[in-house]
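>>> Fold the stuff below for me.
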Amino acid sequence: MTSPISRQRRNPNEDPYRLKFQAGPRFELSPHPHACDLEDLPNQLSQWSHGLRAVDLFCGAGGLSLGLHMAGFDVVLAVDRREDAIATHRGNFGGCSMVADLQDETVLEQITSTLKACGEIDLVAGGPPCQPFSRAVRWRRIQKAEEFLESHGHKRELWRSFMHVVKEVRPRAFVMENVPDLAQTREQHIFREILQEAESLGYVTDARLIHAYEFGVPQLRQRLFIVGFRDGTPFSWPEPTHADQPVSLQEAIEDLPALDGGWWEETPAYQGPKTDYQRLMRLSLQGEAVEGLHDHITRAVREDDRQAFRLLTADMNYEDLPEELRRYSTRNADNTEKFTDKYNRLSWKKPSRTITAHISQDGYWYIHPSQHRTLSIREAARIQSFPDWFRFHGHPTSRFRQIGEAVAPLVGRALGLGIAEQLSEQYRPDERTVRAASWRQSVRQLLQQWPTNPLRPENARPWRDSGDLWLILLGELAIGRIKQGSPVAFWPDIEEAWGSPSLFLDDQHHYKTLKSFGLEAEQPLLERSARLLLDQEELLEDDLAQIGISRDRARLLMALTGQSQDRPSTAALERFRARLTGQGESESRQRRELQLGMLMGLDRDGTCYRAALEIAEIWCQPQPACLLCPMRQLCRHWEGR
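Purely as a prediction, here's the structure:
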């Protein structure tokens with residue numbers, strides 16, 4: 001007998017479980033007593049602000065603002081284009097919370113001129129919109145990803161608005177937040193450009209990937225933070241407080257009452273906190289709120305979803321559910337996987353998965369650990385480390401989005417405390433910290449000058465100097481792998497005979513020549529590469545991948561030609577970077593490419609990258625030839641010997 005659910009799957013126009021649309025309750029938040037308009041800000045500050053002064057651009061609901069506030073900063077100005085988010089910010093903070101488009105040059109002029117009239121600004125903070133950098137777009141987890149990128153592509157340049165404010169206002173420090181993807185793969189040139197712009201303004205920069213759980217936030221959220229100081233010293237990053245003992249979801253939200261689901265459901269009485277984290281979330285509540293609970297509401301649950309939720313455990317995937325309980329296909333037309341994690345039951349014993357803005361669309365990634373429903377607004381806020389007194393303006397969908405887009409306040413607090421300490425009059429950097437400010441520039445200068453450096457071995461990797469993709473392919477895929485004698489010795493003859501794809505393909509004896517070098521296995525790939533280059537004037541790494549070149553090697557090849565601003569790490573480069581900086585090797589590709597990007601700088605034509613790769617391969621072997629290495633005087637590994 002066919003179940004009602006399976007009938008619904010075959011005929012989606014007849015959905016017996018569809019819930020009638022019901023808009024959730026809209027919450028209106030009154031402005032903070034010290035809120036003001038932009039034109040009133042200079043006068044308001046004299047009456048209200050007495051501490052370190054911060055500006056929060058692209059502020060959203062104010063997660064970073066809240067963290068900075070907890071660290072002792074007065075957030076005097078916050079700007080975002082979303083009206084509900086600014087209403088939330090205005091209701092929770094004093095100063096000016098302003099709805100504006102930071103792409104507008106007139107708006108930027110109004111903001112910078114007003115801030116100059118306010119006296120010195122200690123910190124400019126913020127997170128330019130990150131959607132174009134998100135891996136979710138590149139992986140096509142969003143339908144019509146190309147259209148999405150086209151409509152949101154302008155957001156790639158919003159970091160320039162941020163840096164324009166830094167340039168005009170000249171704060172003592174800045175901190176920029178974004179997704180980790182900004183510092184790796186196809187977007188990393190933007191990361192390096194941000195560093196270059198900040199350094200050209202006289203700021204000493206540093207960047208780090210931070211997991212929110214390391215600072216007591218009960219979720220796995222990872223974000224990139226770039227920090228710069230005007231006084232010429234690099235940032236002393238705060239040490240993680242919870243790296244070995246993350247706050248679990250149970251510690252974070254188990255005290256919140258049970259719900260069935262439905263926006264208008266009456267929340268049962270709150271019984272009180274049980275853990276340190278819950279008590280932290282309940283601090284600063286006043287009046288009736290001490291006994292009450294705000295925003296503990298969530299979506300109604302379809303009956304077929306409830307049946308699926310009852311079977312779903314934290315270690316199951318969506319495709320593990322019985323077929324009749326799966327409303328969404330788990331396969332694309334080409335039989336590749338999709339939506340294998342459409343439903344996700346959270347675990348009590350671990351931090352939550354990252355709360356993202358997607359929670360505003362549906363809550364299937366965030367099914368309660370023990371109840372058969374998705375998370376409530378207050379539970380999502382708790383997981384982001386927003387305390388229970390913090391309220392959100394707007395309809396539930398908007399409130400969820402504001403939470404998902406926010407910086408976790410406890411992470412903002414940790415960074416804010418570190419920045420505030422470094423801005424204090426008592427801060428005195430040690431000698432090594434002062435020297436470190438100019439060290440990176442010295443490294444880049446040496447790498448930039450490497451092609452003409454007298455210490456460079458003659459024609460160490462001659463094909464890399466050509467800038468020609470075919471010659472680089474020929475050298476990297478074949479000639480550089482010759483084991484008998486020196487590959488360089490054979491290169492002039494090879495370049496003369498096979499200097500173009502057509503010359504290689506026209507040579508009827510190229511297989512015999514390759515075989516004499518023990519490279520006959522490379523013939524098919526070289527032939528495919530030559531034909532591809534004859535067919536297309538310009539190539540992308542995707543084109544190389546389609547003819548059988550691995551993604552990692554394709555990235556390397558495009559970087560060597562200078563056609564790509566991508567700077568992939570290799571085993572040799574990571575070893576070189578780790579020894580040079582004294583930071584040790586990293587197992588994480590994200591961290592490797594982040595550190596390499598900071599070392600390389602903008603490097604538009606790839607000169608620094610090619611130089612570093614060459615030095616790494618010649619001198620920085622597993623058994624390094626330190627005495628001969630041209631980087632010896634700048635190398636922390638050599639310094640520590």
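
>>> Only C-alpha atoms from now on, for both contacts and neighbour counts.
OK.

>>> ok, the closest residue to Asn178 other than its chain neighbours - how many residues close by?
Spatial nearest neighbour of Asn178, chain neighbours left out: Leu224 (5.2 Å); criterion: Cα to Cα, 6 or more residues apart in numbering. Neighbour count for Leu224, taken as other Cα atoms under 10 Å: 19.

>>> Look up how far Gln595 lies from Leu224.
Using Cα to Cα, to the nearest Å, one gets 12 Å for the distance from Leu224 to Gln595.

>>> next one: Leu533
According to Cα to Cα, Leu533 and Gln595 sit 33 Å apart.

>>> out of those two, which sits in the busier spot?
Higher neighbour count among Leu533 and Gln595: Gln595, with 22 against 19, using other Cα under 10 Å.

>>> can you pull the contacts of that one?
Applying Cα atoms under 8 Å, 6 or more residues apart in numbering, we find Gln595 in contact with Arg577.

>>> That one: which element?
Applying DSSP states H and E as the criterion places Gln595 in helix 589-600.

>>> now the angle between helix 589-600 and the next helix or strand after that helix, please.
Following helix 589-600 in sequence order, the next helix or strand is helix 607-618 (DSSP H and E). Relative orientation of helix 607-618 and helix 589-600, computed by axes from the mean of the first three to the mean of the last three Cα atoms, to 10 degrees: 110 degrees.

>>> which element follows helix 607-618 toward the C-terminus?
Going down the chain from helix 607-618, the next helix or strand is helix 636-639, by DSSP H and E.

>>> what mean pLDDT does that next one have?
Mean pLDDT, helix 636-639: 88.

>>> ditto for stretch 470-478
93.

>>> From the rest of the structure, what touches that stretch?
463-464, 466, 495, 499-501, 519, 522, 526, 529-530, 533, 557, 560-561.

>>> Using neighbour counts, trim those residues to the buried set.
Among the contacts of stretch 470-478, those scoring as buried are 463-464, 495, 499-501, 519, 526, 529-530, 533, 557, 560-561 (criterion: 16 or more other Cα atoms under 10 Å).

>>> so how far is stretch 311-329 off the chain centroid?
Per Cα atoms, centre = their mean, to the nearest Å, the displacement of stretch 311-329 from the mean C-alpha position of its chain is 30 Å.

>>> Pull out the buried residues from that stretch.
Buried residues in stretch 311-329 (16+ other Cα under 10 Å): 312-313, 317-319, 321, 324-327.

>>> Give me the residues contacting stretch 542-557.
469, 472-473, 525, 528-529, 541, 566-568.

>>> And that stretch, end to end?
Length of stretch 542-557, first residue to last, Cα to Cα: 12 Å.

>>> Same check on stretch 257-275?
Distance between the boundary residues of stretch 257-275 (Cα to Cα) amounts to 15 Å.

>>> give me every residue that touches Ala408.
So Ala408 contacts 63-64, 67, 212, 217, 384-386 (Cα under 8 Å, 6+ apart).

>>> Validate this expectation: the residue nearest to Asn178 resides in a strand.
Yes: using DSSP: H, G, I helix; E, B strand; the rest coil, the secondary structure at Leu224 is a strand.

>>> In contact with it, which residues?
By Cα under 8 Å, 6+ apart, Leu224 lies in contact with 177-180, 182-183, 207-210.

>>> send the alpha carbons of stretch 373-390 over as PDB?
Output in PDB follows, covering the C-alpha atoms of stretch 373-390 (Å, rounded to 0.1, in the frame of the first residue of the first chain):
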ATOM      1  CA  ARG A 373      11.400  20.900  16.000                       C
ATOM      2  CA  THR A 374      13.900  23.400  14.700                       C
ATOM      3  CA  LEU A 375      15.700  25.900  16.900                       C
ATOM      4  CA  SER A 376      13.900  28.900  18.400                       C
ATOM      5  CA  ILE A 377      15.100  32.500  17.900                       C
ATOM      6  CA  ARG A 378      16.400  32.600  21.400                       C
ATOM      7  CA  GLU A 379      18.200  29.300  21.100                       C
ATOM      8  CA  ALA A 380      19.900  30.500  17.900                       C
ATOM      9  CA  ALA A 381      20.900  33.800  19.700                       C
ATOM     10  CA  ARG A 382      22.300  31.800  22.600                       C
ATOM     11  CA  ILE A 383      24.400  29.700  20.200                       C
ATOM     12  CA  GLN A 384      25.800  32.900  18.800                       C
ATOM     13  CA  SER A 385      26.500  34.100  22.300                       C
ATOM     14  CA  PHE A 386      23.900  36.900  22.300                       C
ATOM     15  CA  PRO A 387      22.800  37.300  26.000                       C
ATOM     16  CA  ASP A 388      19.100  36.900  26.800                       C
ATOM     17  CA  TRP A 389      18.600  40.700  27.400                       C
ATOM     18  CA  PHE A 390      19.500  41.400  23.800                       C
END
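
>>> so where is the stretch 101-250 of the chain shaky, pLDDT-wise?
Scanning the stretch 101-250 of the chain for pLDDT under 70 picks out 130-156, 185.

>>> circling back: give me the buried subset of the contacts of Ala408.
Among those, those classed as buried by 16+ other Cα under 10 Å are 63-64, 67, 212, 217, 384-386.

>>> rewinding a little: nearest to Leu201, of the contacts of Ala408?
Using Cα to Cα, Leu64 comes nearest to Leu201 of the contacts of Ala408, at 24.0 Å.

>>> Contacts made by the host helix or strand of the closest one with the rest, please.
For Leu64, the element it lies in under DSSP H and E is helix 63-70. The contact list for helix 63-70 (Cα under 8 Å, 6+ apart) reads 54, 56, 59, 74-75, 126, 386, 406-417.

>>> same question, stretch 28-40
44, 48, 87-88, 90-98, 111, 114, 391-394.

>>> ok, back up a step: which of the buried ones among the contacts of stretch 470-478 sit farthest apart?
Farthest-apart pair in these is Leu519 and Thr561; separation 23.0 Å (Cα to Cα).

>>> thinking again about what came up before, tell me what the residue nearest to Asn178 is bridged to.
Beta-bridge pairing of Leu224 under DSSP bridges involves Asn178, Leu209.

>>> about what we covered before: any buried residues in the helix holding Gln595, and which?
So, applying 16+ other Cα under 10 Å, buried residues of helix 589-600: 590-600.

>>> Now those in CSV, please, with extra columns for distance to Phe400 and pLDDT.
Listed next are the buried residues of helix 589-600 as CSV, based on distance: Cα to Cα, whole Å; pLDDT from 0 to 100:
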residue, distance to Phe400, pLDDT
Gln590, 28, 87
Arg591, 30, 90
Arg592, 33, 91
Glu593, 32, 90
Leu594, 30, 92
Gln595, 34, 92
Leu596, 36, 93
Gly597, 34, 92
Met598, 35, 92
Leu599, 38, 92
Met600, 39, 90
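
>>> Name the nearest of those residues relative to Gln196.
Met598 (9.4 Å).

>>> isn't Trp270 right up against Val290?
Quick fix: residue 270 reads Tyr, not Trp. No: contact criterion Cα atoms under 8 Å: Tyr270 and Val290 do not qualify, at 9.5 Å.

>>> which residues touch Thr298?
Taking Cα under 8 Å, 6+ apart, one finds 261-263, 374-377 in contact with Thr298.

>>> I misspoke; the intended subject was Arg172.
Contacts of Arg172 (Cα under 8 Å, 6+ apart): 121-123, 229-231, 423.

>>> now, which of those sits nearest Arg81?
Using Cα to Cα, Leu123 comes nearest to Arg81 of these, at 20.8 Å.

>>> do you know how far the closest one is from Thr88?
22 Å.

>>> Also Glu28?
Glu28 sits 9 Å away from Thr88, taking Cα to Cα as the criterion.
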